[in-house]
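Student: Task: produce atomic coordinates for the following.
(one chain, ligands or ions: 1)
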Amino acid sequence: MAQPQRKLRMGMVGGGQGAFIGAVHRTAAQMDGRAVFVSGCLSSTAERALASGKELGLPERRNYESWRKMVAGEAALPRSERVDFVSIVTPNDKHFPIARAFVEAGISVVCDKPLVLNTEQARELAAAVQKHDVVFAVTYNYSGYPLVKQAREMVRAGELGEIRKVIVEYNQGWLATKLEASGQKQADWRTDPARAGLGGAIGDIGSHAEQLVSYVTGLELDALCADLTSFVPGRRLDDDANVLLRFVNGAKGILTASQVCVGQENDLRLRVWGAKGGLEWRQEDPNHLIHKPLGQPDRTLRRGNDYLTDAAKRSARLPPGHPEAFIEAFANVYNAAFAAMLANAGAKGGPRFDYPDVRDGARGVHFIERVVHSAAHEREKWTPARFQTGV
Ligand SMILES: NC(=O)c1ccc[n+]([C@@H]2O[C@H](COP(=O)([O-])OP(=O)(O)OC[C@H]3O[C@@H](n4cnc5c(N)ncnc54)[C@H](O)[C@@H]3O)[C@@H](O)[C@H]2O)c1
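Tutor: Numbers count the residues shown, from 1 in each chain. Alright, predicted model coming up:
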């Protein structure tokens with residue numbers, strides 16, 4: 001008989017009043033009754049942090065006014081009360097010090113992307129995770145969709161043959177105007193290099209695109225050639241990114257990420273072609289996966305059906321036709337990390353669980369760095385191609 005699992009105790013840094021993704025994390029983590037939210041430092045000012053925690057029903061002694069007090073307060077509690085993990089949902093520049101402090105206290109972490117600001121920080125954090133042997137998940141939530149798992153398993157099973165070409169696009173339009181000038185909270189820090197890091201669109205959503213390709217195809221990136229633009233006058237980070245990709249196996253790819261594509265909302269699409277077929281998936285229509293087998297008509301695979309792979313079936317909750325989407329995919333990332341926590345399978349071993357970890361986060365940070373480097377050295381790589389007839 002299955003043993004009843006205890007609920008894991010969840011803490012959170014960030015995600016207070018007016019924040020975006022923290023509420024998604026709280027909902028996703030608790031969706032299947034495997035975790036309970038017990039502790040937090042939810043905002044950047046003490047006053048707002050305390051008001052946010054009170055509103056969400058945190059007990060007074062575990063509603064902290066600073067993340068440093070939270071680390072100390074939780075570490076001082078007996079193991080049976082201390083948080084099992086902390087979700088970090090602050091702007092990017094705070095991920096590193098907060099994540100490192102919790103890891104060093106022996107507390108598992110679920111951190112949003114991009115992991116940290118540079119490769120040096122990423123390496124330091126990965127080493128700390130290894131040393132303290134905690135679970136460290138990065139919420140590349142698109143890999144939690146059942147049909148993304150289906151796509152990955154089809155590639156792994158060789159159904160597409162050797163992969164030759166990948167096109168991944170993540171287009172949004174919400175930063176087509178200078179929204180940050182209005183003080184809009186999410187636009188404000190995402191366009192500020194001090195808080196967002198080196199990348200604008202390439203860091204914020206290009207990082208998801210990079211991870212989606214890696215997760216589905218398993219391809220290792222060999223080299224890239226990037227073009228970054230800030231279309232909106234006065235903006236200091238890119239709001240549009242176009243990147244050519246070369247993979248170690250010889251496959252080629254194109255990654256595009258933009259936040260100035262007027263009319264686009266969260267249009268993340270992945271297309272993959274191998275010698276024996278192709279696949280297409282869109283996050284705005286996540287319950288369908290199109291498979292194009294060589295020499296045969298296209299077929300549409302639908303979430304929730306018995307013909308799907310085990311991983312795709314296991315990660316669905318509802319029968320086919322009842323839509324599942326963003327929050328369920330997020331919850332799937334959490335559940336895989338929870339399984340690792342309950343199995344005490346930290347960085348040093350144990351069975352592999354299907355969640356993006358600190359190494360995936362570190363690879364993503366390196367990708368952003370290389371894109372920014374390539375774009376800044378464009379004269380070294382672009383061949384002039386403007387044609388004049390001369391007549
Ligand atoms: N995985 C996804 O799909 C996804 C989606 C959106 C955002 N994100 C990531 O999540 C993070 C947060 O993004 P957001 O849009 O929710 O930002 P946000 O601005 O809406 O919220 C950030 C929160 O962090 C708090 N905060 C800032 N400094 C803090 C500190 N020192 N201590 C405690 N709290 C602090 C702010 O007060 C705010 O409550 C970013 O890293 C972003 O890239 C991921």
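Student: Please point out which parts of the longest helix along the chain sit buried.
Tutor: Secondary structure of the chain per DSSP state H: the longest helix is helix 358-376. Residues of helix 358-376 classed as buried: 358-372, 374-375 (neighbour count, 16 or more other C-beta atoms under 10 Å). Glycine gets a C-beta too; all of them are placed from N, C-alpha and C.
Student: Ok, stretch 48-68 next?
Tutor: Judged by neighbour count (16+ other C-beta under 10 Å), stretch 48-68 contains these buried residues: 48-53, 56, 58, 62-65, 67.
Student: Identify the residues contacting stretch 94-103?
Tutor: Residues from elsewhere that reach stretch 94-103, judged by C-beta atoms under 8 Å, 6 or more residues apart in numbering: 13-14, 67-68, 71, 86, 88, 90, 108-109, 111-112, 114-117, 121, 124-125, 128-129, 132, 134, 136.
Student: Is A325 in contact with E284, as I believe?
Tutor: No. Taking contacts as C-beta atoms under 8 Å, A325 lies outside contact range of E284: 9.1 Å.
Student: In terms of neighbours, single out the busier of these two.
Tutor: A325 (14 against 11; other C-beta atoms under 10 Å).
Student: Can you tell me how far that one is from the ligand?
Tutor: According to C-beta to the nearest ligand atom, to the nearest Å, A325 and the ligand sit 12 Å apart.
Student: Need the residues that contact stretch 208-215.
Tutor: 113, 140, 142-143, 148, 152, 166, 168-170, 219, 221, 245, 253, 255-257, 268, 270, 356, 360, 363-364, 367.
Student: One more: stretch 179-191?
Tutor: Here stretch 179-191 has contacts from 18-20, 91-92, 174-175, 192, 195-196, 200, 204, 235-237, 239, using C-beta under 8 Å, 6+ apart.
Student: can you pick the most crowded of those?
Tutor: G200 leads the contacts of stretch 179-191 on contacts (other C-beta under 10 Å) with 30 neighbours.
Student: Now do the same contact list for the closest residue to the ligand within the stretch 201-350 of the chain.
Tutor: For the stretch 201-350 of the chain, the residue closest to the ligand is D204, as judged by C-beta to the nearest ligand atom, at 5.8 Å. Counting by C-beta under 8 Å, 6+ apart, D204 makes contact with P114, R190, A196, A257, Q259.
Student: Let's see the pLDDT reported for it.
Tutor: With respect to pLDDT, D204 scores 98.
Student: Kindly report the same for P384.
Tutor: For P384, the predicted pLDDT is 69.
Student: about what we covered before: in ChimeraX, how would I select the buried members of the contacts of stretch 94-103?
Tutor: Buried subset of the contacts of stretch 94-103, written as a ChimeraX selection, criterion 16+ other C-beta under 10 Å:
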select :13,14,67,71,86,88,90,108,109,111,112,114,115,116,117,121,125,128,129,132,134,136
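Student: Can you name the residues of this structure that neighbour the ligand?
Tutor: 13-16, 19-22, 41, 43-44, 67, 89-92, 94, 112-113, 139, 141, 185-186, 189, 204 (C-beta under 6 Å from any ligand atom).
Student: And the spatially most central residue of the chain, how far from G304?
Tutor: Geometric centre of the chain, nearest residue: Y140, 2.2 Å, by C-alpha atoms, centre = their mean. According to C-beta to C-beta, to the nearest Å, Y140 and G304 sit 23 Å apart.
Student: And for P59?
Tutor: 39 Å.
Student: next one: A329
Tutor: From A329 to G304 the distance is 14 Å (C-beta to C-beta).
Student: Likewise for D204?
Tutor: 31 Å.
Student: Likewise for F20?
Tutor: 28 Å.
Student: Quick one: low-confidence residue ranges for the chain.
Tutor: 1-4, 349-351, 382-385 (pLDDT under 70).
Student: Please settle this for me: is V168 part of a strand?
Tutor: Yes. Counting by DSSP: H, G, I helix; E, B strand; the rest coil, one finds V168 located in a strand.
Student: so what's it up against?
Tutor: Counted by C-beta under 8 Å, 6+ apart, V168 has contacts A209, E210, L212, V213, G253, I254, L255, T256, L268, R269, L270, R271.
Student: so where do the helices sit in the stretch 251-391 of the chain?
Tutor: Listed in chain order, the helices found in the stretch 251-391 of the chain under DSSP state H, counting those that start in this stretch are 310-314, 326-342, 358-376.
Student: hey, C-alpha coordinates of the second one in CSV?
Tutor: What follows is the C-alpha trace of helix 326-342 in CSV, where atoms were taken according to Å, rounded to 0.1, in the frame of the first residue of the first chain:
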residue,chain,number,x,y,z
PHE,A,326,0.1,27.3,-17.3
ILE,A,327,-0.5,26.6,-13.6
GLU,A,328,-0.8,22.8,-14.1
ALA,A,329,2.5,22.8,-16.0
PHE,A,330,4.1,24.8,-13.2
ALA,A,331,2.7,22.3,-10.7
ASN,A,332,4.3,19.5,-12.6
VAL,A,333,7.8,21.1,-12.1
TYR,A,334,7.0,21.5,-8.4
ASN,A,335,5.8,17.9,-8.1
ALA,A,336,9.0,16.5,-9.6
ALA,A,337,11.1,18.6,-7.3
PHE,A,338,8.9,17.4,-4.3
ALA,A,339,9.5,13.8,-5.2
ALA,A,340,13.3,14.5,-5.1
MET,A,341,13.0,16.3,-1.8
LEU,A,342,11.0,13.4,-0.2
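Student: Could you name the helices and strands sitting against it?
Tutor: With contacts defined as 3 or more C-beta pairs under 8 Å, 6 or more residues apart in numbering; DSSP states H and E, the packing partners of helix 326-342 are strand 8-14, helix 21-30, strand 108-111, strand 136-138, helix 146-156.
Student: Show me which of these has the highest average neighbour count.
Tutor: Sort these by mean neighbour count, taking mean count of other C-beta atoms under 10 Å, and strand 136-138 sits at the top with a mean of 29.
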